[in-house]
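> Turn this into a structure:
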Amino acid sequence: MKEILGDIIGAIKSFLAYPLYKGDSTFISVGTVLLIIFSCVIAYYILKLIRKLITAKLPLDDQRKFMSVFKFANYIVYILVVIAVLSSSGVDLTVLLTASAALFVGLGFALQYLFQDIISGILIIMDQSLHVGDIIEINGKVGKVVDIRLRTTRAITRDDKIIIIPNHIFLVEVVYNFTQNHKTTRETITVGVAYGSDTRLVEKLLLQSVEEQKGVLKNPKPNVVFNDFGDSALIFNLNFFINDSFSDPRIKSDVRFRIDALFRANKISIPFPQRDIHIINK
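Numbers count the residues shown, from 1 in each chain. Model (predicted):
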């Protein structure tokens, strides 16, 4: 029985050691090929588990965006597994690695911004710091996010123009997200009235200007702040809340029209800057 078992083990060893390729410094056996296949299968299931853990709490659209990244990552991992197995089996990879080193360095320089954008896109999707529909301000431009991709984010401006933003910008620039916490934002209109005006009447008229304005929320309530004594006017701030920051300019325009009409009806003047010039004759 021991002799039969020994013969079987010896036959297996001989089969695994059977050379499929034999060169000057390279020897690839059946065992090496089987080890590569086994290692790739193990890597496949590990990568599948990692993918499920990462995408478990992500929306379906974001999960789909990750698929291309995971496919690319799978190829890289499989290549590394094959190299590791061949190296551990005694295969000399010096020539191969030396020949490909210059190529990898060149590709690295050429694709550095691409990789920055993709990594930034992955971080944005995983961190959920930006969503479709968010109102953002970047480099003085306000836009509504319409699409988040792995390399770029697209936003539409208030004048219906599309901004294509490389994702690494979100990591290196200051970006205002008006709707990160909630959709409600506070807006302000500043207006100056002539000295001697009835300040309480001014407050009443300013609040009246937003009472029936479409888009202005009743709660939180609008409020008026007597901001300062200006050079030529008494400065007031009218604060109100809206839930559509993208329509902010249109709403503010409508409110300003109403303020002008109410001030005219109640003889409240909005002064222009004035300067007193004193001429001294000597």
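> quick one: the helices in the stretch 101-250 of the chain?
Listed in chain order, the helices of the stretch 101-250 of the chain (DSSP state H, counting those that start in this stretch) span 112-127, 169-172, 199-209, 248-265.
> could I get those helices as TSV with mean pLDDT and distance to residue 83?
C-betas here are computed from N, CA, C, even on glycine. TSV is the format used below for these (pLDDT from 0 to 100; distance: least, CB to CB, whole Å):
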stretch	mean pLDDT	distance to residue 83
helix 112-127	76	21
helix 169-172	84	31
helix 199-209	95	71
helix 248-265	93	56
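> Low-confidence bits of the stretch 151-282 of the chain, can you list those?
In the predicted model of the stretch 151-282 of the chain, residues 273-276, 278, 281-282 satisfy pLDDT under 70.
> Do you have the strands of it handy? List them.
For the stretch 151-282 of the chain, the strands defined by DSSP state E, counting those that start in this stretch cover 152-157, 162-166, 176-177, 185-193, 223-229, 234-242.
> which other residues reach the third one?
Okay, so that is strand 176-177. Residues from elsewhere that reach strand 176-177 (CB atoms under 8 Å, 6 or more residues apart in numbering): 129-130, 134-138.
> Those in strands, which ones?
Counting by DSSP state E, the contacts of strand 176-177 place 135-138 in strands.
> Now a ChimeraX select for only the buried ones of those.
The buried residues among the ones in strands among the contacts of strand 176-177 can be selected in ChimeraX (16 or more other CB atoms under 10 Å) with this line:
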select :135,136,138
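> and which of the ones in strands among the contacts of strand 176-177 is nearest residue 247?
Among the ones in strands among the contacts of strand 176-177, residue 135 lies closest to residue 247 (CB to CB), at 9.9 Å.
> Adding mean neighbour count, write the strands of the stretch 151-282 of the chain out as JSON lines.
Listed next are these as JSON lines, based on neighbours: other CB atoms under 10 Å:
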{"stretch": "strand 152-157", "mean neighbour count": "19"}
{"stretch": "strand 162-166", "mean neighbour count": "15"}
{"stretch": "strand 176-177", "mean neighbour count": "13"}
{"stretch": "strand 185-193", "mean neighbour count": "17"}
{"stretch": "strand 223-229", "mean neighbour count": "14"}
{"stretch": "strand 234-242", "mean neighbour count": "20"}
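> Now render the ones you listed as a markdown table, adding distance to residue 263.
Listed next are the strands of the stretch 151-282 of the chain as a markdown table, based on distance: least, CB to CB, whole Å:
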| stretch | distance to residue 263 |
| --- | --- |
| strand 152-157 | 32 |
| strand 162-166 | 37 |
| strand 176-177 | 32 |
| strand 185-193 | 7 |
| strand 223-229 | 14 |
| strand 234-242 | 11 |
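> could the ones in strands among the contacts of strand 176-177 go into a markdown table alongside pLDDT and distance to residue 227?
Shown next, in a markdown table, are the ones in strands among the contacts of strand 176-177 (pLDDT from 0 to 100; distance: CB to CB, whole Å):
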| residue | pLDDT | distance to residue 227 |
| --- | --- | --- |
| 135 | 88 | 26 |
| 136 | 89 | 28 |
| 137 | 88 | 23 |
| 138 | 86 | 28 |
